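S.K.: Dropping the sequence and predicted coords here.
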Amino acid sequence: MDLTPADRWSPRVGLAYDERMCLHDTPDGDSHPESPERIRAIWRKLESEGIPERCILLNVMEAEDDIIASVHTRDYIELIKNISSDEFDSQRLRIASKFNSIYLNKSSSEAAYLSAGSVVEATEKVARGDLNSAIAIVRPPGHHAEANEAMGFCLFNNVAIAASYLLNERAELGIRKILIVDWDVHHGNGTQNMFYKDSRVLYFSVHRFDSGTFYPAGSDGSDCMIGEGQGAGYNINVPWEHGQCGDADYLAVWDYILVPVAESYNPDIILVSAGFDSAIGDPLGGCCVTPSGYSQMLKKLMKFAEGKIVLALEGGYNLNSLANSVFACAKTLLDRDSVAGNLQGKPFESTWRIINKVQCELKNYWPVFSEKLPQEIEISNARPFPIQIKVDSSSDSDDEQYDPFDIPVVTIKNAEDDILVLSSLKICDGSVEENKIGDDNVEESKNTSQEIVHYFSDLCLSQNPTKLENEINHKFIPWEPALSNVDVWYGSYGSNMWKPRFLCYIEGGKVEGMAKPCRGARDKSSPKGISWKTVPHQLFFARSYSDAWGSGGVAFLNPERSSTHTTYMCLYRITLDQFNDVLTQENIDDKHIETPLVNSHDIKFLVKNGSMLVEFLKGGWYSNILYLGRHDDVPILTMTCPVSDIERFKSGELPVCPPAKAYENTLLKGLVEVKHGFIGIVD
């Protein structure tokens, strides 16, 4: 249909939403980051702001199999269609387990078809000119779904289906070139693979990569993946080296990569895989984009393709940030202007490094990249822009911040419902002997730990993004016999403070919340003693993903002594043989080790010098061994990062990140057992 001048002056923005997509849920009702409440929260926010009244509400219909088959195999389509039938009731759990990070219930088929149908409907109306732009508030998301495989919460690849439909089934609409912008914090592996050899689709993704360890992991999201054949140069990946990237980083990528390429490509329509898990406070993403940041990114895209843009929801798991960010984008499309906001910070140095690498990879395909970056660029030399989170579950504000350099407050609710502030307990520097922390107290502490009240309540929802790995067949190496005759105290300050977790390193296996089992030590004997002690060092959480716990930081001890800070440690008396096994598993786990990393001669060096870097573990997270004195005339050893890493954490070169929920709970269980306190975070 033709738009009147009045229509052109007042943008016609389509809005797709259907409550039936909320019926897709975990089969047992367990909580999950990709929950029905995600799209409900968005809809409530839009309704409260009067957005639906200003939009064209779309009649949502299920996508047809033939349309879906343009990117998915027929066998896979039949599988998704049939999983909701009664005959699959007993098979759903088994089918879901074969996929990576997928759950299924009786309504999953309908939701997947509605999600794909919503994006197709919105895209077709925008391409035809019925709408200027559109937002599809859909779930399950789509960009991880491969041609014959569900993964990463995604069943059908909604955006890829819509793009292929326009190019292959609706040629009369004149859509010859499609720009897909994927700003979800995770790389859209499925979308990339579906158009990797197709120049009719320019796929652009900016995402966390973390050297290939961030979900979906592997090399697909690296900057060197630029397309093949006719599609060479039409696949652009901007892989962040760490978390906490914010507005300044994303807008720098827009200005120096995406906008110049879009000007050269001149797309006929833009489809946005609009994941909002890069938003402030997202429990899986760890980045810091504000609603205003998303608005500005969208505004920069609106000058292309005559403003024909479709936003299809992907990720986003902090309900407040998710709803506020979608609202900001809706306002931008309706008002044709970006939402005002305080865009803080400067791009990280690593951001400019990535921009330069991407430009170098693509300069032979896009002449605009022949120009060098400006000599004078603004670089953030400060620590990473702090992750802002909803600290108190009763707050609806996005203004509160998680500062990884502040000391968290941890409290425990005791049996009398009184609040005990652990960090204020008066604890001597001596020890609490093992008979006070016997196994009989473990079950009691589990119950007590469920009563924990703390200010990480909405912080990091731990979701392992990879399938559980099989047990590692450990080939024991004959080390010097003397190691079994030398005792040391291993000082633990993270999740290992909970005895069942530590015993995973000795006996093998895993505890609840861990994604990957430990192989165990050569000597599986129980610790000869357990003590607690305070040390003059600070604790902090850094890195952003671990194989054992998934997304989130893990504990490190500042190797430098502090006159103003204290950290509590649980000491385990074990053999030097066992300490080597723990050290190995904390760093490299399954790598073949022919000689011990720390021997009896090294103990003398440690006593004299206070610390020792293990050269073999160079690059490992816990390659620095510290000597912390003696207890019962037995040396106390712990492991942490090198001193050089501290400055890298402060500058943002290495990410500082709150702990995963499961990791945090395990750490707290250890503290509960002895009612000790928790002090943290590097200055």
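M.R.: Noted; the coordinates are in hand.
S.K.: Spit out the contact partners of the nearest residue to residue 291 once chain neighbours are set aside.
M.R.: In space, and not counting its chain neighbours, residue 291 is closest to residue 328: 3.7 Å by Cβ to Cβ, 6 or more residues apart in numbering. Just so you know, the C-beta spots here come from the backbone N, C-alpha and C atoms, and that holds for glycine as well. Residue 328 is in contact with 291-292, 294-295, 339, counting by Cβ atoms under 8 Å, 6 or more residues apart in numbering.
S.K.: Show me the strands in the stretch 251-400 of the chain, by range?
M.R.: Per DSSP state E, counting those that start in this stretch, the stretch 251-400 of the chain carries strands over the ranges 269-274, 309-313.
S.K.: Longest helix in this structure, by number of residues?
M.R.: Longest helix in the chain, counting residues (DSSP state H): helix 108-128.
S.K.: Quick check: which ranges of the protein have low pLDDT?
M.R.: 1-10, 343-344, 375-482, 589-594, 673-683 (pLDDT under 70).
S.K.: Dump the C-alpha coordinates for the longest helix of the chain into CSV.
M.R.: C-alpha atoms of helix 108-128 as CSV (Å, rounded to 0.1, in the frame of the first residue of the first chain):
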residue,chain,number,x,y,z
SER,A,108,7.6,-25.5,22.6
SER,A,109,6.5,-26.3,19.1
GLU,A,110,3.8,-23.7,19.0
ALA,A,111,6.0,-21.0,20.5
ALA,A,112,8.8,-21.7,18.0
TYR,A,113,6.4,-21.5,15.0
LEU,A,114,4.9,-18.3,16.4
SER,A,115,8.3,-16.8,17.0
ALA,A,116,9.4,-17.4,13.5
GLY,A,117,6.0,-16.4,12.0
SER,A,118,6.1,-13.1,13.9
VAL,A,119,9.5,-12.1,12.5
VAL,A,120,8.5,-13.2,9.0
GLU,A,121,5.2,-11.2,9.2
ALA,A,122,6.9,-8.1,10.5
THR,A,123,9.7,-8.3,7.9
GLU,A,124,7.4,-8.8,5.0
LYS,A,125,5.2,-5.8,6.0
VAL,A,126,8.3,-3.5,6.3
ALA,A,127,9.7,-4.8,3.0
ARG,A,128,6.3,-4.2,1.3
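S.K.: Within its sheet, name the partner strands of the helix or strand just after it and how each one runs.
M.R.: The helix or strand immediately downstream of helix 108-128 is strand 133-136, counting by DSSP states H and E. Neighbouring strands of strand 133-136 in its sheet, by DSSP bridges, are strand 13-16 (parallel), strand 309-313 (parallel).
S.K.: Most tightly packed of those?
M.R.: Per residue and on average, the most neighbours among the strands paired with strand 133-136 fall to strand 309-313, with a mean of 29 (mean count of other Cβ atoms under 10 Å).
S.K.: what comes into contact with it?
M.R.: Strand 309-313 is contacted from outside by 39, 42, 118-119, 122-123, 126, 133-139, 141-142, 158-159, 162, 269-276, 298, 301-302, 326, 329, 333, using Cβ under 8 Å, 6+ apart.
S.K.: Tell me how far the closest residue to residue 304 other than its chain neighbours lies from residue 228.
M.R.: In space, and not counting its chain neighbours, residue 304 is closest to residue 262: 5.0 Å by Cβ to Cβ, 6+ apart. Remark: distance between residue 262 and residue 228 (Cβ to Cβ, to the nearest Å) = 22 Å.
S.K.: Settle it for me: which of these two has more neighbours?
M.R.: residue 262 (21 against 13; other Cβ atoms under 10 Å).
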